[in-house]
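Colleague: Quick one, fold the following:
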Amino acid sequence: MIVLEKRPQPSRVWTFATPLLAVVLTMICGGLLFAALGKNPFETIRTIFLDPLFSEFAWYYRPQLLIKGAPLVLIAIGLSFGFRAGIWNIGAEGQYIVGAICGAAVGLAFYPAESVLILPLMVLAGALGGILWAMIPGVLRVKFGTNEILVSLMLVYVAEQLLAAMALGRMRNPEGMGFPGSRNLAQYPSATSWINEGAGMHWGVVAAFVAVIFAYVTLSRHIFGFQVRLSGQSPRAAKFAGVNPGLLVLICMGISGGLAGLAGLFEVAGPAGQVSIDFNVGYGFTAIIVAFLGRLHPVGILLAGGLMALTYIGGEIAQSNLGLPGAAIQLLQGMLLFFLLAVDVLTNYRVRLRKREVA
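Modeller: Numbers count the residues shown, from 1 in each chain. Below you'll find the predicted structure:
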């Protein structure tokens, strides 16, 4: 009989081995999925995970890894603060959208003026938009005890409707022949976030690396990081240590919302270029996978963001070259989270074989 025996303390070996095992299991089951779809599993796995790095067109795909990875890392870093403290912000996608809308609105308001102050003002507006949107579930939890998971998730759909209203209404390009979508901010010198488009570098990439450093120092060296960890591990002990749970909720929600808003702003001012109906591509939800795959550790999140960006780029290659359905790539990403959560039980439990007791 197979039983799970609780470990005296979490295993450090399995803490680091779990993400690697989850990736391996995802590749195996993903290969079986691709075979069921009539594709060569080895060729498909190679296309997704190796071609973006080592194929003859890698010079084009490698910069795309920075473009896809930056918003994932930014959002996941913000989410990690709340997740460590037991605060479950599932609505980062909505905060990402609202941050993009607010930041783009500032840039478009100044069009066609030229000033070095426009992009910094857009950055502030994007972060503030994300923070304010995140404060809705934060304040409702602190004041009325509502579930932040449900409230933040429902606000995603409100944000999507707001995005559609802006793309079709107040922010629509007056010179766009009636088509939905704003002006192209990437072609507006004072509002673009690009540093070197050919190399995939924009200010969002810089912000992602800064966020990783900030999170690492805060969580490992600052008293606030200690309070976050303590609240997640033992809320009762945190209260005895003087941690204000309501204030902690608001700060963690603010950090996650602000970074998600920044990710949206840098995306709309760079790679996406405009506010459009289909601007959001699910970064806010995928970042949840990135946060857990990286073990809620800043460096781990950086590596996990690169891996997830690899599946985006490799998935697009597989769709164009092998005719793989786009839904199969989304399923592959979902498998990654499923296996991570499944094998994570080995961190806290041992698998034991025992003889079945005779009645």
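Colleague: name the element the residue nearest to the spatial centre of the chain belongs to?
Modeller: The geometric centre of the chain, computed from its C-alpha atoms, lies nearest to A287 (C-alpha atoms, centre = their mean), at 2.1 Å. Per DSSP states H and E: A287 is located in helix 283-293.
Colleague: Show me how far whichever helix or strand comes after that helix is from its chain's centre.
Modeller: Going down the chain from helix 283-293, the next helix or strand is helix 298-322, by DSSP H and E. With C-alpha atoms, centre = their mean, to the nearest Å as the basis, helix 298-322 stands 13 Å off its chain's centre.
Colleague: can you list contacts of the helix or strand of the chain with the lowest mean pLDDT?
Modeller: Ranked by mean pLDDT, DSSP states H and E, the weakest helix or strand in the chain is strand 2-6, scoring a mean of 83. Strand 2-6 has contacts (C-beta atoms under 8 Å, 6 or more residues apart in numbering) with V345, N348, Y349, R350, V351, R352, L353, R354. C-beta coordinates here come from the backbone N, C-alpha and C atoms, glycine included.
Colleague: Among these, name the buried ones.
Modeller: Y349 (16 or more other C-beta atoms under 10 Å).
Colleague: I'd like to know how far the nearest residue to L293 once chain neighbours are set aside sits from F34.
Modeller: Sequence neighbours aside, A304 is the residue nearest to L293 in space, at 3.9 Å (criterion: C-beta to C-beta, 6 or more residues apart in numbering). Remark: distance between A304 and F34 (C-beta to C-beta, to the nearest Å) = 22 Å.
Colleague: Looking at the two, which one has more neighbours?
Modeller: It is A304, of A304 and F34, that has more neighbours when counted by other C-beta atoms under 10 Å, with 27 against 23.
Colleague: right, and that one touches V290 too?
Modeller: Yes - counting by C-beta atoms under 8 Å, V290 is a contact partner of A304 at 4.6 Å.
Colleague: Now do the shared contacts for these two.
Modeller: Joint contacts of A304 and V290 (C-beta under 8 Å, 6+ apart) are A76.
Colleague: And E357, what's its pLDDT?
Modeller: Note on E357: pLDDT of 65.
Colleague: Skip the chain neighbours and tell me the closest residue to L163.
Modeller: I97 (5.2 Å).
Colleague: Against A260, how distant is that neighbour?
Modeller: To A260, I97 is 9 Å away according to C-beta to C-beta.
Colleague: quick one, which of these two is more surrounded?
Modeller: Each of I97 and A260 has its neighbours counted (other C-beta under 10 Å); A260 has more, 38 against 32.
Colleague: picking up where we left off before, doesn't A263 make contact with the residue nearest to L163?
Modeller: No - I97 lies out of contact with A263 (C-beta under 8 Å); the separation is 10.4 Å.
Colleague: picking up where we left off before, could you list every residue that touches the residue nearest to L293?
Modeller: So A304 contacts P19, A76, I289, V290, A291, L293, G294 (C-beta under 8 Å, 6+ apart).
Colleague: same question, N40
Modeller: F34.
Colleague: Need the three-state assignment for the residue lying closest to V116 once chain neighbours are set aside.
Modeller: Nearest residue to V116, sequence neighbours excluded (C-beta to C-beta, 6+ apart): S190, at 7.3 Å. Here S190 is coil, with the state taken from DSSP: H, G, I helix; E, B strand; the rest coil.
Colleague: try the one 5 residues further on
Modeller: I195 falls in the strand class when you classify it by three-state DSSP.
Colleague: How about L346?
Modeller: Per three-state DSSP, L346 ends up helix.
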